[in-house]
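>>> quick one: sequence plus predicted model below, questions after.
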Number of protein chains: 2
Amino acid sequence: MKRTSRDIRTANRYEVLSRIIAGSPASRQELAAATGLSLATVATLVGELLELGVITEVGFEDSAGGRPRGLVAVDPSGGALIGVDIAETYVHAELFDLALNVLAHADEDVRPGASRPEEVAGRVAAAVGSVVAQAGGEAARVLGVGVSVPGQVDRDTGVAAYAANWNWHDVPLLDLLAEHLAYPLYLDNPLRACTVAELWFGAARGRGDAVVVNLGTGVGAGLALGGGLHRGVTNSAGEWGHTTLVLDGRLCHCGDHGCVETYVGAPGIMQTLRELSPESPLLHPGDQTATIDALAHGAAAGDPIALKVLGDTARYLGAAISGLVNLLNPEVVVLSSWVAARLGEPLLEEVRRAVARHALRRPLAATEIVLSPIPTDPVSLGAATFALEGALRPVGRRGTPSPLPSRLHRSWSSSGAGRYGDRTDRHRGPS
Amino acid sequence: MKRTSRDIRTANRYEVLSRIIAGSPASRQELAAATGLSLATVATLVGELLELGVITEVGFEDSAGGRPRGLVAVDPSGGALIGVDIAETYVHAELFDLALNVLAHADEDVRPGASRPEEVAGRVAAAVGSVVAQAGGEAARVLGVGVSVPGQVDRDTGVAAYAANWNWHDVPLLDLLAEHLAYPLYLDNPLRACTVAELWFGAARGRGDAVVVNLGTGVGAGLALGGGLHRGVTNSAGEWGHTTLVLDGRLCHCGDHGCVETYVGAPGIMQTLRELSPESPLLHPGDQTATIDALAHGAAAGDPIALKVLGDTARYLGAAISGLVNLLNPEVVVLSSWVAARLGEPLLEEVRRAVARHALRRPLAATEIVLSPIPTDPVSLGAATFALEGALRPVGRRGTPSPLPSRLHRSWSSSGAGRYGDRTDRHRGPS
């Protein structure tokens, strides 16, 4: 809860690096202007990133009348990051260079009945092994693996505290993964991964407070406040899907009634369709993806039932999002995840109209509502970002940072875990 | 949106001073342990506060076997602060010493039909003049006046953007007050004043993320996140009263339906009573205070109607507060303002039970729900705290801080406003 000088320094380091990633090459002067930090602070942070080997000097630009300005750019060869998106039916892994370009990706199925923790850990290990092999097998270059698992996550201990779909309780997932993978590992959930992806690379970058509304099977609201992810005191902030929208309304799997999720999650949207038109050919019982796709196509074709379902969904969403706008006064609300992506612009337009009807004038005027602009899988990207943040975090905790590969080598070859041990993250070496 | 090293330093300075105020005398070692800051950082901050004259050295304590530790305490004579609570029907002013003890207070009525901005500004000036006179007329010792006005406030420009009760729109209240008052002035609203009071002196002090639920005529939720007040991008965060709780429910004065405020604000509670028992002797039409008091007494006496209204109110509140717990994962939820104070423990008990029924297990386990422990008017206290924060903020922006009185003198006798001008606060000198 206490922000220390080190926290702010770490946050500023992230900020400078994300600016360089977003707009390489960049001068220290441009970075100072973009971040609001002093030139001296930026120069120090750039120096640390140069020593770490994640960025590199790439020449000079003329400044009108002044001294030529040194330019820095991210060094894609400075290391690799892996992001893993564990979902209900698949494991998706991507390997990125330090500019967050995708160099390789792999998918593994999670079959019904094969979702025991050991089985899922094996699927993750296979997917990670595949992307490392595709990228040339340079395992030594991998700075870390970020893993996103649905549900409630204790990132400090690397435990999947509760995953409703698989009925997992307190699964020590990072311990299981460490039996297969000799990289630093970071665990969190898709909601926070998407939010960090928006903060670093998407619609929240360089903006004030932002809310990332995740619309999938489950529903949540990732909060990017004060330039960083708001986690809450036990890393469970964002469970917006269980806000009461209709007192005594639809029964939710959480045991409560009238939760937002029961109206705007994919199963909730299917229920709206079923109540409206039980025999609709748009309805694919048991298949959320096919039903949402059918609604998107139907709405595009002017099908009145599809349009009505879209309108009702937007009405629920608009009322619920208005609550976020009134409570948090954000600069941007981002609609993310697969339901938002598939229903797209027509949903966005209706939601904007509904929010305008519900929200208070002053916060409404300050808020923009957009679809996520991230073209790839935001969960893998966000998970890889957790690994990048983890790799950057130790900097400044000792006198002089050493370049990452040797630092990692020293750490993981000596005592295993612990050297990077930290109150707020879990790092694992080979066990 | 960007947190700079200066922001963190200012936040740490507040934190250290508030700890000293809470527990004088204190050693630097105790302050470091309480704040989580390094001893070196605490020593620097204590040195700045000593130079400012807001704290003083008060001797030594023995430390077992080590060197005696120097003790510091707040210096009550280091200056005075004034907090002003402008409400619908009155203006309440309190003058505090730097230990935030009340030295004087004054009340002025705001009569129906006498609520033009110039009239209200005159009432504020009269109340402030009264407390200064009571305190010995030492106007030079007043470091600043914090003013709380209901509604939406633009603190940067000192404008009351919208006050529903008086139909004020974009009233330049600080400009009007500066015609009467030659002190630095700080404008904000009651929700944020109460929240800052809890953060500095109440249930949120030293805690992780906190939510201050204000239950009065209006309803709001002040957010103390990451150790500081969350304001949102246009200083309007906290408008939780207009979260939809019952889709298509009771009509709200904001134009929407089913807002939390229409169920748990004082008029909403009166409506619940009226719907349940239109002829109830508990109901005092047109008098919110008398009705809430009658409900409190009735519930204490076991009156079934009063108990039913309390239970229904707690049920609405519990569902709505659960949304805050799920979304923000706070360490503490504080029930504040006059409705919470009057309905007290019986309401608290019922709310706790209702939240336990609605909230998710993980965030619920991390959250405590309490009544505000602040025994005096939290709005005046919080407003005075804004003035104290303002007086501390300039420190560190120049080489060496000079003691406050001379610094103020130099500032306000030379160029009037501007020297303390700041992106996030409005300070006014004599015009």
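Right, received. Where do you want to start?
>>> so A:Cys254, which state does it fall into?
Using DSSP: H, G, I helix; E, B strand; the rest coil as the criterion, the local structure at A:Cys254 reads coil.
>>> what about the closest residue to it other than its chain neighbours, neighbour count?
Nearest residue to A:Cys254, sequence neighbours excluded (Cβ to Cβ, 6 or more residues apart in numbering or on different chains): A:His242, at 5.3 Å. Yep, even glycine has a C-beta here, placed from its N, CA and C like the rest. By the measure other Cβ atoms under 10 Å in any protein chain shown, the count of residues near A:His242 is 28.
>>> show me what contacts A:His242?
A:252, A:254, A:256, A:259-261, B:322-323, B:326, B:359-360 (Cβ atoms under 8 Å, 6 or more residues apart in numbering or on different chains).
>>> pick out whichever of the residues you listed sits closest to A:Asn12.
Using Cβ to Cβ, B:Asn326 is the member of these that sits closest to A:Asn12, with 31.0 Å.
>>> ok so that closest one is a helix residue?
Yes. According to three-state DSSP, B:Asn326 belongs to a helix.
>>> quick one: end-to-end length of stretch A:83-94, please.
Chord length of stretch A:83-94, first to last residue, is 5 Å (Cα to Cα, to the nearest Å).
>>> same check, this time on stretch A:55-73
First-to-last residue span, stretch A:55-73, Cα to Cα: 5 Å.
>>> buried ones in that stretch?
Neighbour-count burial for stretch A:55-73, counted by 16 or more other Cβ atoms under 10 Å in any protein chain shown, picks out A:55-56, A:70-73.
>>> now do that stretch, average pLDDT.
What stretch A:55-73 shows for mean pLDDT is 83.
>>> what sits up against it?
By Cβ under 8 Å, 6+ apart, the residues outside stretch A:55-73 that reach it are A:17, A:20, A:24-29, A:46, A:49-50, A:74-75, A:78.
>>> which of the residues you listed fall in helices?
Using DSSP state H, the members of the contacts of stretch A:55-73 that fall within helices are A:17, A:20, A:28-29, A:46, A:49-50.
>>> most surrounded residue in those residues?
Busiest of these [other Cβ under 10 Å] is A:Ile20, holding 26 neighbours.
>>> that one and A:Arg28, how far apart?
Here the distance between A:Ile20 and A:Arg28 works out to 10 Å (Cβ to Cβ, to the nearest Å).
>>> residue boundaries of the helices in chain A?
Using DSSP H, the helices of chain A run over A:5-22, A:28-35, A:39-52, A:117-134, A:173-178, A:190-201, A:261-264, A:266-276, A:288-300, A:304-328, A:338-358, A:361-366, A:378-392, A:404-414.
>>> and those, which one is worst for confidence?
When the helices of chain A are ranked by mean pLDDT, helix A:404-414 comes last with a mean of 33.
>>> what is the neighbour count of A:Ala33?
Around A:Ala33 there are 14 residues (other Cβ under 10 Å).
>>> and it, what does it touch?
A:Ala33 neighbours (Cβ under 8 Å, 6+ apart): none.
>>> separation between it and B:Thr385?
Taken as Cβ to Cβ, the span from A:Ala33 to B:Thr385 is 34 Å.
>>> my guess is A:Leu327 meets B:Ala221, correct?
Yes. Between A:Leu327 and B:Ala221 there is a contact under Cβ atoms under 8 Å: 6.5 Å.
>>> for the record, mean pLDDT for stretch A:157-169?
On average, stretch A:157-169 scores 88.
>>> ok, and for that stretch, which residues are buried?
Neighbour-count burial for stretch A:157-169 [16+ other Cβ under 10 Å]: A:158-163, A:166, A:168.
>>> contact partners of it?
A:88, A:115, A:117, A:120, A:149-154, A:170-175, A:185, A:187, A:253, A:426, A:428, B:361-362.
>>> 6 Å - rerun?
A:88, A:115, A:149-154, A:170-174, A:187, A:426 (Cβ atoms under 6 Å, 6 or more residues apart in numbering or on different chains).
>>> distance check, the closest residue to A:Glu88 other than its chain neighbours against chain B.
Nearest non-adjacent residue to A:Glu88, counting by Cβ to Cβ, 6+ apart: A:Asn165, 4.9 Å away. Going from A:Asn165 to chain B by Cβ to the nearest Cβ, to the nearest Å gives 16 Å.
>>> export the buried residues of stretch A:157-169 to JSON lines and append columns for distance to B:Ala354.
JSON lines is the format used below for the buried residues of stretch A:157-169 (distance: Cβ to Cβ, whole Å):
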{"residue": "A:Gly158", "distance to B:Ala354": "34"}
{"residue": "A:Val159", "distance to B:Ala354": "30"}
{"residue": "A:Ala160", "distance to B:Ala354": "30"}
{"residue": "A:Ala161", "distance to B:Ala354": "24"}
{"residue": "A:Tyr162", "distance to B:Ala354": "23"}
{"residue": "A:Ala163", "distance to B:Ala354": "27"}
{"residue": "A:Trp166", "distance to B:Ala354": "31"}
{"residue": "A:Trp168", "distance to B:Ala354": "29"}
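>>> ok, so of these, who is nearest B:Ala366?
Distances from B:Ala366 to the buried residues of stretch A:157-169, taken by Cβ to Cβ, are shortest for A:Ala161, at 12.1 Å.
>>> near chain B, which residues of chain A show up?
A:1-3, A:8, A:36, A:152, A:208-209, A:227, A:232-234, A:236-237, A:239-240, A:242-247, A:256, A:319, A:323, A:326-329, A:331, A:358, A:360, A:362-363, A:366 (Cβ under 6 Å from any Cβ of the partner chain).
>>> now do the same contact list for A:Asp75.
A:55-56.
>>> actually A:Thr243, sorry about that
A:260, B:323.
>>> from the contacts of A:His242, list just the buried residues.
Judged by 16+ other Cβ under 10 Å, buried ones among the contacts of A:His242: A:252, A:254, A:256, A:259-261, B:322-323, B:326, B:359-360.
>>> from those residues, which is closest to B:Leu95?
B:Gly323 (39.1 Å).
>>> give the contact list for the closest one.
A:Thr243.
>>> what's the distance between the residue lying closest to A:Gly158 once chain neighbours are set aside and A:Asp154?
Among residues not flanking A:Gly158 along the chain, A:Leu174 sits closest, at 2.8 Å (Cβ to Cβ, 6+ apart). Using Cβ to Cβ, we find A:Leu174 at a distance of 10 Å from A:Asp154.
>>> give me the more crowded residue out of those two.
Neighbour tally, A:Leu174 and A:Asp154, criterion other Cβ under 10 Å: the higher count belongs to A:Leu174, 25 against 21.
>>> now for A:Gly302, how many residues are close by?
Residues near A:Gly302, counting by other Cβ under 10 Å: 8.
>>> now the stretch 51-200 of chain A against chain B: closest residue?
Relative to chain B, the nearest point of the stretch 51-200 of chain A is A:Gln152 (5.2 Å; Cβ to the nearest Cβ).
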